[in-house]
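Q: Sequence first, predicted model second:
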Amino acid sequence: HVQLVESGGASVQTGGSLRLSCAFSGNTRNTHCMGWFRQAPGKEREAVAATGGGSTYYADSVKGRLTISRDNAKNTLYLQMKSLKPEDTAVYYCAADRSGYCVSYDYWGQGTQVTVS
């Protein structure tokens, strides 16, 4: 099993920056792919970014503004966010996919709120 704990969410102004962190623990061999998702009120959860198997994925809406990275020494996944827009407001979740294909995620964090106004 893998435990994921997000942090770093906050309220920021349009154009501001944030860095989200996701500390992972447990059977970290089951974190071949890790990703960030978000869910805004009244909307479905959407994939934001993922990293695994030497590849990185970004949703079109965040390309050039959000950067996903992973520090295996610290067992932490990051999402650096810049040039934030009101439409980035959502609860952000990190997730881990043990297969490494970044398709079906097995483990989820509890989420951290990002509000842009």
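A: Perfect, I can see it now.

Q: Pretty sure residue 112 sits against residue 79.
A: No - assessed by C-beta atoms under 8 Å, residue 112 is found out of contact with residue 79, at 9.8 Å. From N, CA and C alone the C-beta is placed, and that goes for glycine too.

Q: quick one: which of these two has more around it?
A: When residue 112 and residue 79 are compared for neighbours, residue 79 comes out ahead with 25 against 22, by other C-beta atoms under 10 Å.

Q: list the contacts for the closest residue to that one other than its chain neighbours?
A: Of all residues not flanking residue 79 in the chain, residue 20 sits nearest, at 4.3 Å (C-beta to C-beta, 6 or more residues apart in numbering). By C-beta atoms under 8 Å, 6 or more residues apart in numbering, the residues touching residue 20 are 6-9, 36, 78-79, 81, 92, 94, 112, 114.

Q: after the helix or strand encompassing residue 20 comes which helix or strand?
A: Per DSSP states H and E, residue 20 falls inside strand 18-26. Next helix or strand after strand 18-26 toward the C-terminus (DSSP H and E): strand 33-39.

Q: how much does that following strand deviate in direction from strand 18-26?
A: 130 degrees (axes from the mean of the first three to the mean of the last three C-alpha atoms, to 10 degrees).

Q: Okay then, goodbye and thanks.
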